[in-house]
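Student: Okay, predicted coordinates and the sequence, questions at the end:
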Amino acid sequence: MLRVALTGGIATGKSYCLAKFAELGAATIDADVLARDAVAPGSSALAAVVARFGDAMRRPDGTLDRAALARVVFSDGAARADLEAIVHPRVYHAVREWYVRLSPATPMAVADIPLLFETGHTHEFDRIVVAACSAPEQLRRLMARDSLSEADARARLAAQWPIEEKAARADYVISTDGTFAETEAQVRAVFAKLRGEW
């Protein structure tokens, strides 16, 4: 089984690329979904987040107040590191378990892991694909997608490696600056190259 990590920056089109890989027949998993599952009501991770950041991080219905937590961690590097220390080990454990559960006959499995380089887990994958777009386009998308001010969007971008640095370390880069059709064509081309490595 070829273990492929799909990464990039926030708002660079990773989810779209992951969906296209799935359509082409790759097994796929999304670390953002795993991270949300990790802090579900009643989870040990949510309890750890509340213990570290206070009861204000938990809504009356028992769910994590993501907006409140984001305001804290994107303005405080130490707080962000503490959150990552709680969530990331659980996410990578879940990814490893997913690989174990897949059929041995699965030829390719793609895991969308936004902070792959930042967390130092590149060694767990056979190939790395980066979804990349220009910095101005990334900022524009992030502000539009999450209704953020430019200052808040820039703070979130600053919490990740520059996309150029990620692209330089990738085995394959998919440029998402163009149309959806152009991006899909690149996904198909990368998929064909990866399939040739089975």
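Tutor: Perfect, thanks for sending it. Residues are numbered from 1 along each chain as shown.
Student: List the buried residues of the longest helix anywhere in the chain.
Tutor: Residue-count comparison of every helix in the chain, with assignments taken from DSSP state H, identifies helix 77-101 as the longest. Residues of helix 77-101 classed as buried by neighbour count (16 or more other Cβ atoms under 10 Å): 80, 82-84, 86-88, 90-92, 94-95, 99. Just so you know, the C-beta spots here come from the backbone N, C-alpha and C atoms, and that holds for glycine as well.
Student: average pLDDT across that helix?
Tutor: When pLDDT is averaged over helix 77-101, the result is 95.
Student: which strands and helices sit next to that helix?
Tutor: Contacts defined by 3 or more Cβ pairs under 8 Å, 6 or more residues apart in numbering; DSSP states H and E place helix 77-101 against helix 31-38, helix 44-53, helix 66-73, strand 108-112, helix 116-119.
Student: now these in a markdown table, with distance to Ala22?
Tutor: Conversion of the helices and strands packed on helix 77-101 to a markdown table gives the following (distance: least, Cβ to Cβ, whole Å):
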| stretch | distance to Ala22 |
| --- | --- |
| helix 31-38 | 13 |
| helix 44-53 | 26 |
| helix 66-73 | 25 |
| strand 108-112 | 8 |
| helix 116-119 | 19 |
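Student: Select, out of those, the one closest to Arg188.
Tutor: Proximity to Arg188, assessed across those by Cβ to Cβ, is greatest for strand 108-112 (13.5 Å).
Student: give me every residue that touches the residue most central in space within the chain.
Tutor: With distances taken as Cα atoms, centre = their mean, the chain has Pro114 as the residue nearest its mean C-alpha position (2.4 Å). Under the criterion of Cβ atoms under 8 Å, 6 or more residues apart in numbering, the neighbours of Pro114 are 7-10, 14, 31-32, 160.
Student: Please list only the buried members of these.
Tutor: Neighbour-count burial within the contacts of Pro114 applies to 7-10, 14, 31, 160; the criterion is 16+ other Cβ under 10 Å.
Student: which one of those sits closest to Ala153?
Tutor: Within the set of these, Ile10 lies nearest Ala153; the separation is 8.8 Å, counting by Cβ to Cβ.
Student: pretty sure the closest one belongs to a helix, no?
Tutor: No. Secondary structure of Ile10, determined by DSSP: H, G, I helix; E, B strand; the rest coil: coil, with no helix assignment.
Student: For this protein, list the residue farthest from the centre, please.
Tutor: Of all residues in the chain, Pro60 sits farthest from the chain's C-alpha centroid, using Cα atoms, centre = their mean; the distance is 27.9 Å.
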